[in-house]
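S.K.: Structure of the sequence below:
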Amino acid sequence: QELLGHQAALTLQSKQCLANAMANLGEAENAKSLFTEVRLAREKILGATHPDTLNTRYSLASLYLLDAELPRAKEEFAALTSLARDTLGPGHPFWIRCLAQLATVTTRMGELKRSGELHSEALREAKKTLGDLHPLTLAIQLGLAEDKATRQDHLNAVQIYNDTLPKLLQIYGEDYSPAQ
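M.R.: Have a look, this model is predicted:
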């Protein structure tokens, strides 16, 4: 930072990596603060729709979700989904990831009608764009199963889990564990 300046691309990339490390170490508040600093600098320098800016926002939104700050996570993922759709286009993998995370947040907030719609759209787009065996498609299927279980639709949840697990084993091998 002293050598390059606090807004140099390499400095911001280093701060992003540091924020990720902090989040992984359980230092959520420090990580959020650093992600926010990087986000604001990237928005100023690169613009709101630059891939680096979008990735920083995604990391911050994901941390809100992990930290159970659901309203903030929902707000960020809704904004990211809209930005990604408008700049990258529907069907882009980043847009699909944002849509799937928005679906997860709405499930956890108990907005079950909306979450079902979002999960279905994300899964449809993931299958169309990425295929049935892509890890993101399978992650979305697991999210849909969580959504079904939240609705007390356990029969369909189990059916989705039973459909998804063999595909995960096919991709990751017999040592795969859903807890990974």
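S.K.: three-state assignment of residue 48?
M.R.: Reduced to three states with DSSP: H, G, I helix; E, B strand; the rest coil, the structure at residue 48 is coil.
S.K.: Verify the stated contact: it with residue 86.
M.R.: No: taking Cβ atoms under 8 Å as the definition, residue 48 is not a contact partner of residue 86, at 10.5 Å. Placement of C-beta: from N, CA and C, glycine included.
S.K.: Tell me which of these two has more neighbours.
M.R.: Taking neighbours as other Cβ atoms under 10 Å, residue 48 and residue 86 compare with residue 48 leading, 14 against 11.
S.K.: Name all residues that make contact with that one.
M.R.: residue 83 (Cβ atoms under 8 Å, 6 or more residues apart in numbering).
S.K.: mind checking how far it is from residue 19?
M.R.: 19 Å (Cβ to Cβ, to the nearest Å).
S.K.: same thing with residue 126?
M.R.: Residue 126 sits 27 Å away from residue 19, going by Cβ to Cβ.
S.K.: Please, which helix or strand holds residue 35?
M.R.: helix 28-45 (DSSP states H and E).
S.K.: Just after that helix, pick out the following helix or strand.
M.R.: helix 51-66.
S.K.: Buried residues in that following helix, which are they?
M.R.: By 16 or more other Cβ atoms under 10 Å, the buried positions in helix 51-66 come out as 52-65.
S.K.: Just list what the following helix or strand past it packs against, helices and strands only.
M.R.: Next along the chain after helix 51-66, taking DSSP H and E as the criterion, comes helix 70-87. Judged by 3 or more Cβ pairs under 8 Å, 6 or more residues apart in numbering; DSSP states H and E, helix 70-87 is in contact with helix 51-66, helix 93-108.
S.K.: quick one, helix 70-87 and helix 93-108 angle?
M.R.: If you take axes from the mean of the first three to the mean of the last three Cα atoms, to 10 degrees, helix 70-87 sits at 150 degrees to helix 93-108.
S.K.: Check the contact between residue 163 and residue 138; I expect there is one.
M.R.: No: Residue 163 sits out of contact with residue 138 when judged by Cβ under 8 Å, with a separation of 9.7 Å.
S.K.: Between these two, tell me which one has more neighbours.
M.R.: Taking neighbours as other Cβ under 10 Å, residue 163 and residue 138 compare with residue 138 leading, 22 against 13.
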